[in-house]
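Visitor: Requesting a structural model of the entry that follows:
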Amino acid sequence: MSHLIAPTKSKQPIPTKSTIFGFAASQPWPGVTLCSISGALDACTADEFRSSLLEALDAGPRTVVVDLSRIEFLGVAGLQALLQAQTWTENRAASSRFRLVAGVRCVDRLLEISGHRSSFDTYQNLDAALHDAATATATGDGNVGSTLGA
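Guide: Residues are numbered from 1 along each chain as shown. Below you'll find the model as predicted:
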């Protein structure tokens, strides 16, 4: 005779979109919007990312820096959302630029295996991306250049 064991109740809350994804936007300089992402950017959170980014783009920045240095997981749907965000940003004006702060294993790995590393102006740290964005904005050149591997 077999005995069924009732499942135990977890004392931990089940994560919701708001607890597994974080988005904060700021403007460190005029014309530059910094979007800091934390948690997971995947199929469950990609729509929230798109919505939050579109709201941040309403400010009309010439340069968008997306900081993924606090991402814990980047899925294919998240990568697709980033590619779409880049297109939105660059379609706003010819001089608009989209810069991506990677430097986290899950981000670097997906960019590499998907073949999309060269699709983005990618930076290994936030300081390098912001410096480049500030320089580009100050000189009026939206494309100072990528510092891949910086």
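Visitor: Shouldn't Thr122 be within a strand?
Guide: Yes - Thr122: assigned to a strand according to DSSP: H, G, I helix; E, B strand; the rest coil.
Visitor: Assign the most centrally placed residue in the chain to helix, strand or coil.
Guide: Centroid check for the chain by C-alpha atoms, centre = their mean gives Val66 as the closest residue, at 4.3 Å. Secondary structure for Val66, judged by three-state DSSP, is strand.
Visitor: And the strands in this structure?
Guide: 21-29, 32-41, 63-74, 97-101, 121-123 (DSSP state E).
Visitor: Distance to Leu130 and mean pLDDT for these - can I get that in JSON lines?
Guide: C-betas here are computed from N, CA, C, even on glycine. Formatted as JSON lines, these follow (distance: least, C-beta to C-beta, whole Å; pLDDT from 0 to 100):
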{"stretch": "strand 21-29", "distance to Leu130": "6", "mean pLDDT": "92"}
{"stretch": "strand 32-41", "distance to Leu130": "7", "mean pLDDT": "94"}
{"stretch": "strand 63-74", "distance to Leu130": "6", "mean pLDDT": "95"}
{"stretch": "strand 97-101", "distance to Leu130": "9", "mean pLDDT": "94"}
{"stretch": "strand 121-123", "distance to Leu130": "9", "mean pLDDT": "95"}
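Visitor: returning to what we had before: ok, the residue nearest to the centre of the chain - contacts?
Guide: 35, 37, 53, 82, 85, 98-101 (C-beta atoms under 8 Å, 6 or more residues apart in numbering).
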